[in-house]
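# Attaching a predicted model along with its sequence, questions to come.
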Amino acid sequence: MKERPILFSAPMVRALLAGTKTQTRRVVKPQPDSTHSGYPYWNIGGYRASWCRSAADGGPLEPANPLLCRYGQPGDRLWVRETWCRKWDDERGFLDECWYRASNPDVVSVDAMEKSPWKPSIHMPRWASRILLEITSVRIERLQDISHEDARAEGLECMAGAPECGYRNYLDKTSQDWTLSPRESFQSLWESINGPASWSANPWVWPLDLRRLLNQQQGQKQ
């Protein structure tokens, strides 16, 4: 069993805490080379995958290129990195306790010279992480192959907490636009994180099924 860090945005952190997010999709890196004339052939199974291409159309296959999910295999663990800052005490200074922006967005800086108290998620150390996940399964598929059920498992925000009322359009900053399609909502979420052309690119992705574990790394988390 191995532990690795993984980054999540504030809406996805809240979904993890609420128990509505049990899947995440991460782009396969590197993507298979499609610049040659030979058609790419895939061998997909479990958390391992490989691909190869023919030397020319109808020609012999070249040696297989292995693809391993860099986030791990079933049974491995992921500790979540999110936007954070250390708590401050006027007498003791910075404490080994944290605020998390996903849960406490209105925290202000104790330093008047500092524009924001928040530290980027990429800089979160292991001790500050409050969410620990276990990978229960991993596979490989095209991004646009996501089903409605899997889109819901990505932790989409529902209007009034009721899926039948619609899912959030994450590209609408006013939060006034909702859709009845979980796939359309997930598309907007993906593009809000990865850019406007990221959905149409339809990359190969690793869908990870996740289970939240009790995190004993840190005592008090807010």
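Nice, thanks for sending it over. Residues are numbered from 1 along each chain as shown.
# drop to CA atoms for contacts and neighbour counts, all remaining ones
Will do.
# Which parts of this structure belong to which domain?
3-29+70-213, 32-69 (automatic domain parsing).
# just the strands in this protein please.
Along the chain, the stretches classed as strands by DSSP state E are 3-7, 23-27, 40-45, 48-53, 65-68, 77-81, 84-89, 93-100, 132-138, 141-142, 167-168, 178-179, 204-213.
# could I get those as a markdown table with mean pLDDT, distance to R126 and mean neighbour count?
A markdown table is the format used below for those (pLDDT from 0 to 100; distance: least, CA to CA, whole Å; neighbours: other CA atoms under 10 Å):
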| stretch | mean pLDDT | distance to R126 | mean neighbour count |
| --- | --- | --- | --- |
| strand 3-7 | 98 | 8 | 16 |
| strand 23-27 | 98 | 20 | 18 |
| strand 40-45 | 64 | 31 | 14 |
| strand 48-53 | 71 | 27 | 18 |
| strand 65-68 | 77 | 24 | 15 |
| strand 77-81 | 98 | 7 | 24 |
| strand 84-89 | 84 | 12 | 18 |
| strand 93-100 | 81 | 12 | 16 |
| strand 132-138 | 97 | 10 | 21 |
| strand 141-142 | 92 | 30 | 16 |
| strand 167-168 | 94 | 31 | 24 |
| strand 178-179 | 92 | 36 | 18 |
| strand 204-213 | 96 | 15 | 20 |
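# want to throw those strands into CSV with distance to I122?
Shown next, in CSV, are these (distance: least, CA to CA, whole Å):
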stretch, distance to I122
strand 3-7, 7
strand 23-27, 16
strand 40-45, 31
strand 48-53, 27
strand 65-68, 23
strand 77-81, 7
strand 84-89, 10
strand 93-100, 14
strand 132-138, 16
strand 141-142, 27
strand 167-168, 26
strand 178-179, 31
strand 204-213, 20
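# nearest to C158, of those?
C158 lies closest to strand 167-168 among the strands of the chain, at 4.5 Å (CA to CA).
# How far does that closest one sit from its chain's centre?
Relative to the centre of its chain, strand 167-168 is centred 18 Å away, using CA atoms, centre = their mean, to the nearest Å.
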